[in-house]
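In: No letters, just coordinates:
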């Protein structure tokens, strides 16, 4: 059950809006989805389930428990054990007394239908299902070989202050404006016995957004991300929900093979069985059907503070490239990714008047608009430059025209945060000028663009803060420009970057650094020439064709 209504108004004091959520916010998981999750975890009746411990953190009305009870019943018969041996095999929690009663009734009914004595069925149901807050339970209640379910999807700020404080104390990953389910993941993961497995169906926002960062770090640092099955368009619940669900399987052990998968709206019970069979078989590296596609990767993306989003086939390619090639920013080649200068007052520091101040105090600037055509078309913008070549602020007494100009704008300059912090340096820009950068060949990238758009500055301009740049001690910048013009390079950025309205990508330094590139010396002369020519001609297809050869790829999957 997707227990969106986690809290009971009998237990806590709530605003009216949350009371309404408690009354109407419950969404039941379809039985075939429960079966799929248990199959993916390997929680099957051929195992002696009485000797294993399964925990469900928020059981709701018992959708998971019904299937679990049926599998335990079959396990007991297969291993010739009385069902009472399973009294400690399951622990399920819920805060709503109504849900506890409903779940116990379902477990009892299921076991009775399976032919077990009514008093035994009732005893087991009472032992299995308990009223309580999973996030605040004693650790002894948590230890598990399996944790399954659909954790509640409630904004943390909708929880009463005292309870929210208790959650934050209990769950270190629950930072910022997190959703409650972040804490459920953390507590569940920390509860797993060695080799234990977690299987949740839950909103997948935590895999990419800021509030999920600590949880992602916990997973990649201490657990194995085994499966991410995206089910955004799948009819997985009895009612429609706005959240974008995914099934995640995470185990307590070293990172092993990881599977990425994506299911569409035609994915149902039959297709789920097919997927579970493919997943368990482990032999085929990839599969594509009318209902789902999936790919196996040697491991999950290592040491990433964000996880990429793309089709399974493309993610497998990106993971392979991540394994085989070094990052674009690399001390071995002296390749660096950076951002242009921020002034804190562009209207004052930027000018097209070449006689505004002393000539050597005007630094030619590269602006986004100068890069539109794919080559530099400088419009004459200059920085009124307060920095010396040594990185110090100039002495205004030595530059009377510069001093007069800054003093005319002194009131506005002194109001900037950077000037309030350092009043004696009131005419500084936010960033220093690195005069060596002006002279260097560099690739410039506009911050926002539909497609990757490297532009070569052969020296003479300094980038504005809406431009990111790449410099290198080793690369021929035209060859590197061809690589970065390709769809292979763009695929890295597209997988990691936040998309804006209309599909616009952000080509920020953190995303450019995700790009992997070959050793410059490993690229053959013909491919170097092809990349450089493609860059000069702005021919994306030719750049991609050459890049595929250089990366050793037959194709780049959609």
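Out: In hand now; what should we look at? Just so it is clear, the model here is predicted, and its values are computed rather than measured.
In: Could you pull out the strands in the stretch 251-400 of the chain for me?
Out: For the stretch 251-400 of the chain, the strands defined by DSSP state E, counting those that start in this stretch occupy 258-263, 286-288, 292-297, 326-327, 336-339, 350-351, 362-366, 382-384.
In: Pick the most deeply packed of the ones you listed.
Out: A comparison of those by mean neighbour count, using mean count of other Cβ atoms under 10 Å, puts strand 258-263 on top with a mean of 24. C-beta coordinates here come from the backbone N, C-alpha and C atoms, glycine included.
In: just to revisit the earlier point, turn the strands of the stretch 251-400 of the chain into TSV, columns for distance to residue 97 and mean pLDDT.
Out: Shown next, in TSV, are those (distance: least, Cβ to Cβ, whole Å; pLDDT from 0 to 100):
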stretch	distance to residue 97	mean pLDDT
strand 258-263	35	95
strand 286-288	45	95
strand 292-297	39	94
strand 326-327	54	95
strand 336-339	55	96
strand 350-351	65	97
strand 362-366	66	97
strand 382-384	67	98
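In: between these, which one is nearest to residue 178?
Out: strand 258-263 (24.1 Å; Cβ to Cβ).
In: what lines up beside that closest one in the sheet?
Out: Sheet neighbours of strand 258-263, with direction, are listed as strand 224-230 (parallel), strand 292-297 (antiparallel) (DSSP bridges).
In: possible to save those as a markdown table with distance to residue 502?
Out: Below are the strands paired with strand 258-263 laid out as a markdown table (distance: least, Cβ to Cβ, whole Å):
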| stretch | distance to residue 502 |
| --- | --- |
| strand 224-230 | 23 |
| strand 292-297 | 26 |
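In: circling back to that earlier point, for the strands of the stretch 251-400 of the chain, give me a markdown table that also has distance to residue 161.
Out: Shown next, in a markdown table, are the strands of the stretch 251-400 of the chain (distance: least, Cβ to Cβ, whole Å):
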| stretch | distance to residue 161 |
| --- | --- |
| strand 258-263 | 39 |
| strand 286-288 | 48 |
| strand 292-297 | 42 |
| strand 326-327 | 43 |
| strand 336-339 | 39 |
| strand 350-351 | 47 |
| strand 362-366 | 49 |
| strand 382-384 | 49 |
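In: Of all these, which one is nearest residue 461?
Out: Nearest to residue 461, of all those, is strand 362-366, at 3.9 Å by Cβ to Cβ.
In: chain center to that closest one, what's the gap?
Out: Counting by Cα atoms, centre = their mean, to the nearest Å, strand 362-366 is centred 37 Å from the centre of its parent chain.
In: quick revisit: for the strands paired with strand 258-263, which one sits closest to residue 147?
Out: Of all those, strand 224-230 sits nearest to residue 147, with 13.5 Å by Cβ to Cβ.
In: Which of the strands paired with strand 258-263 sits closest to residue 408?
Out: Nearest to residue 408 among those is strand 224-230; the distance by Cβ to Cβ comes to 57.2 Å.
In: Can you name the residues in contact with that closest one?
Out: For strand 224-230, contacts defined as Cβ atoms under 8 Å, 6 or more residues apart in numbering pick out 40, 197, 204, 207, 219, 244, 246-263, 275, 279, 292, 294, 300.
In: coming back round to it: and residue 541, which of the strands paired with strand 258-263 is closest to it?
Out: The nearest among the strands paired with strand 258-263, by Cβ to Cβ, is strand 292-297 at 24.9 Å.
In: Quick one: list the elements packing against the host helix or strand of residue 162.
Out: Per DSSP states H and E, residue 162 falls inside helix 161-170. Packed against helix 161-170 by the contact rule (3 or more Cβ pairs under 8 Å, 6 or more residues apart in numbering; DSSP states H and E) you find helix 181-191.
In: for the residue nearest to the spatial centre of the chain, what are its contacts?
Out: When the chain is reduced to its mean C-alpha position, the closest residue under Cα atoms, centre = their mean turns out to be residue 208, at 2.1 Å. Residues counted as contacts of residue 208 (Cβ under 8 Å, 6+ apart) are 306, 307, 309.
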